[in-house]
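Undergrad: okay, here's the prediction I keep looking at, along with the sequence it came from:
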Amino acid sequence: MTLLKVENVSKRFGELVAVNNVSMTVEPGELRAVIGPNGAGKTTFFNLISGFLTQSSGRILFDGEDISALLPARRVWRGIARTFQITEVFPEMTTRENLRIAVEVASGYRTRTWLSRHADTEVQARVTELLRQGGLADKANRLVGELSHGDQRATEIMMALALKPRLLLLDEPTAGMGEQETYDVTQLIRRLHKDQKLSIVLIEHDMRVVFHLADRIMVLAEGTMLAEGTPGEIAANEAVQAAYLGKVA
Ligand SMILES: Nc1ncnc2c1ncn2[C@@H]1O[C@H](COP(=O)(O)OP(=O)(O)OP(=O)(O)O)[C@@H](O)[C@H]1O
């Protein structure tokens, strides 16, 4: 069954139509990129999926159920997790502590004052697994604020994964990063997608990242969907070249 179905969604801010009648489907295990020039409506589109904004019209189905009216937290519990353009971690805490908080929240232990030995062992095992998957094992005891931008992003992504999402939304995961960090974060996303068959939608400006990762790409321009297709189809699309890729080159 289709995992995410966005149907004819629009978002108006007064006179401005930031997202104009956009539809998109994401199948289980798919990695979908959303690209487009500045102000195209990408972040607004993400905010509609995650529930930080409510659409002016249209609807959003997740796993066949209409989630259009659900608050963000409810969508998280349904299985939609997201990261932000600006990394959201606790810089004064270690990588392990950051992940531990996320695991405790995900397992409902965060509100308890005391954990049984069994629960504690379970949490620790999950944290260790996430550290390993995120390539962070050797940085487990470092303060996150002292890590490279790429490792901070990896920590944030693994915190989102602690929620065991069925859909991960990544808003410009390589924003502001140098070559090496961009490469490392791209490899991490690729691993999560390929090894864990995680369904991912990502907004990304770096075309090398997009064409390396995406199964399918949707191009937004001025709030409307300009094109949709495989990386090959998008690269060959003249409207896209004219409106977007041409400007980048
Ligand atoms: N809360 C808001 N109120 C009013 N206008 C908004 C709001 N959020 C976004 N917009 C406008 O909607 C349009 C789309 O913005 P959005 O941030 O979604 O684009 P974007 O494609 O993510 O851009 P960028 O690549 O620069 O992040 C822009 O014209 C923006 O100014």
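TA: The structure has been received and is ready for your questions. Predicted model, so just to flag it, every value in this text is computed and none were measured.
Undergrad: give the residue spans of the protein that score low on pLDDT.
TA: 84-87, 109-115, 244-249 (pLDDT under 70).
Undergrad: residues from this protein in reach of the ligand?
TA: 13, 16, 18, 36, 38-44 (CB under 6 Å from any ligand atom). All C-beta spots, glycine's among them, are computed from the backbone N, C-alpha and C.
Undergrad: out of those residues, give me the two with the largest separation.
TA: Pairwise distances across those peak at 17.0 Å for Phe13 and Gly36 (criterion: CB to CB).
Undergrad: which of these two has more neighbours?
TA: Neighbour tally, Phe13 and Gly36, criterion other CB atoms under 10 Å: the higher count belongs to Gly36, 24 against 11.
Undergrad: and the residues of the chain next to the ligand as a markdown table, adding secondary structure?
TA: Output for the residues of the chain next to the ligand, formatted as a markdown table (DSSP: H, G, I helix; E, B strand; the rest coil):
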| residue | secondary structure |
| --- | --- |
| Phe13 | strand |
| Leu16 | strand |
| Ala18 | strand |
| Gly36 | coil |
| Asn38 | coil |
| Gly39 | coil |
| Ala40 | coil |
| Gly41 | coil |
| Lys42 | helix |
| Thr43 | helix |
| Thr44 | helix |
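Undergrad: buried among those residues? Need that as a selection in PyMOL.
TA: Burial among the residues of the chain next to the ligand is assessed by 16 or more other CB atoms under 10 Å; the matching PyMOL selection reads:
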select buried, resi 18+36+40+41+42+43+44
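Undergrad: what segments of this structure are strands?
TA: All strands of the chain, identified by DSSP state E, fall at 4-13, 16-26, 31-35, 57-62, 65-66, 80-83, 167-171, 199-203, 216-221, 224-229.
Undergrad: would you turn these into TSV with distance to Arg142?
TA: Shown next, in TSV, are the strands of the chain (distance: least, CB to CB, whole Å):
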stretch	distance to Arg142
strand 4-13	35
strand 16-26	35
strand 31-35	29
strand 57-62	36
strand 65-66	41
strand 80-83	20
strand 167-171	23
strand 199-203	26
strand 216-221	36
strand 224-229	41
